[in-house]
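Trainee: Prediction below, plus the sequence it came from.
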Amino acid sequence: MSDKNSNLITGNAKILRGINRGMILNIIRERQPISRVNIARITGLNKSTVSSIISELLKEELIYEEVNEDQNIGRNPLNLFLKLGKYYVGAINIDSSITRIAVSDIDGSIKSIVEIETDSKVPEEFVEKCVNELLKLCKQMGIENLEGLGVSIAGIVDSEKLTVIFAPNLGWENFNIGDVLKKKLPYVKNISIGNDAKASALAELWFGDHAVDLSNFVFLSVGQGVGSGIVIGNKLMNGEFKAAGEFGHMVIFEGGELCKCGNNGCWEAYASDRAIVNRYIAQKPGKLDHAVDFIAQDIINLAKENDPIAVEILKQTGYYLGLGIANIIKAIDPYAIIIGGKVTQVWDIIYPEIMTIVTQRAYFGREKDIKILPTSLKTLPRLIGAATLAIEEIFDGYKIIG
């Protein structure tokens, strides 16, 4: 954990207590098991303040304590842990082909999930259908109330206004999804929406288990498009107009392939699942009735069986991914690039291709050791990301006090 938790903030007493409370809760989440003494040492708060806030968190059952029985010390300390099985959040990831709906505990673990076909023609009706599916899951699990709801979407999203500004793969523009969600779920106090790649980056930051420093990294979400989330100084970058990280639409070939955004030569027109499918169909033409998600998975499965055409197409994808990653490294200079998506299933095929082009183009002769890694998240990052959007609200120092 970085020094971000050691920075004391002064101001209005209630706001200050809320910030300290959120800080302590996050320390428990990140460093559990941990004692009150160690929390006081890390934060610089006095022991009485720590004890008072811990008492509140225990009363609300956000945490629990357990005796650390160590025969080598005199008095056995009480260790603190995040309490699971008490507070749940809903998670919805809306993709152009498949939408996934889930219930998650506050540690990011998915407890129940359902998939439905995405039908984005009438956005209000489809979002209502998603909520109905979520409510069915809650009923099956015996959950009466959700603590929050997070929704991740491929596109430019205004998280503050709960509005989808532009989602080309869905055909949505200036759609206030928040109005629909609040109407369907009036009792849910925390509703969050976000770009799926940014949400994936947040999930990796919170729940990933890579043994590397993730205070500065870029998450690449490779699906029907290519999105990214940028984390600098442990903070997710949004940008002035909520479009930070739209690297999928940087032009890598002037006058190249037509992209869904309407421009030519965009990175995602070459490195996405859709590009994989298009290249495969060009090699083996024929009628394919499945959606892109399913065909891309079929091609990956063929590559695992050493099908020469599938392997070659995925090597090309590694090359194109490397071109874009080299540009990102020159622009951001991150400690790590983390990749999520189906292509990570064939990491042994794409990684060497990525590294070949990155080594040639990214470093200008300087020695660098930027880590390029597959996601460590065990479930679909965009879905855990949706859950993390809601979980973050629970752990936010300003919002955790009513």
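Mentor: Sure thing, it's come through. Numbers count the residues shown, from 1 in each chain.
Trainee: From the opening residue of stretch 155-170 to its closing one, how far?
Mentor: 9 Å (Cα to Cα, to the nearest Å).
Trainee: Please work out which residues outside that stretch touch it.
Mentor: 94-96, 118, 120, 123, 153-154, 172-179, 181, 191-195, 224-225, 238, 241-243, 246, 260-261, 389 (Cβ atoms under 8 Å, 6 or more residues apart in numbering). Where you see a C-beta, it was placed from the backbone N, CA and C, and this is true even at glycine.
Trainee: Can you list which of these are found in strands?
Mentor: 94, 153, 172-175, 191-195 (DSSP state E).
Trainee: Columns distance to I295, pLDDT and neighbour count on top of those residues, output as CSV?
Mentor: Shown next, in CSV, are the ones in strands among the contacts of stretch 155-170 (distance: Cβ to Cβ, whole Å; pLDDT from 0 to 100; neighbours: other Cβ atoms under 10 Å):
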residue, distance to I295, pLDDT, neighbour count
I94, 20, 96, 29
I153, 22, 96, 25
W172, 24, 95, 19
E173, 27, 95, 14
N174, 31, 96, 9
F175, 28, 97, 23
I191, 34, 96, 20
S192, 32, 96, 23
I193, 29, 96, 26
G194, 28, 96, 27
N195, 25, 95, 32
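Trainee: Nearest residue to the middle of the protein?
Mentor: For the chain, the residue sitting closest to the mean C-alpha position, by Cα atoms, centre = their mean, is S200 at 1.5 Å.
Trainee: Throw the ones in strands among the contacts of stretch 155-170 into TSV and include distance to M23, thanks.
Mentor: Shown next, in TSV, are the ones in strands among the contacts of stretch 155-170 (distance: Cβ to Cβ, whole Å):
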residue	distance to M23
I94	33
I153	30
W172	37
E173	39
N174	36
F175	35
I191	24
S192	20
I193	25
G194	23
N195	26
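Trainee: If we only consider the residues you listed, which is nearest to Y280?
Mentor: I94 (25.7 Å; Cβ to Cβ).
Trainee: show me what contacts the closest one?
Mentor: 118, 120, 130, 151-154, 170.
Trainee: which of these has the most neighbours?
Mentor: Sorting those by how many neighbours each has (other Cβ atoms under 10 Å) puts S152 first, at 33 neighbours.
Trainee: Mind jotting down where the strands sit in the stretch 251-400 of the chain?
Mentor: 336-341, 371-374 (DSSP state E, counting those that start in this stretch).
Trainee: With mean pLDDT and distance to F219 as added columns, please give those strands in JSON lines.
Mentor: Output for the strands of the stretch 251-400 of the chain, formatted as JSON lines (pLDDT from 0 to 100; distance: least, Cβ to Cβ, whole Å):
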{"stretch": "strand 336-341", "mean pLDDT": "96", "distance to F219": "5"}
{"stretch": "strand 371-374", "mean pLDDT": "95", "distance to F219": "10"}
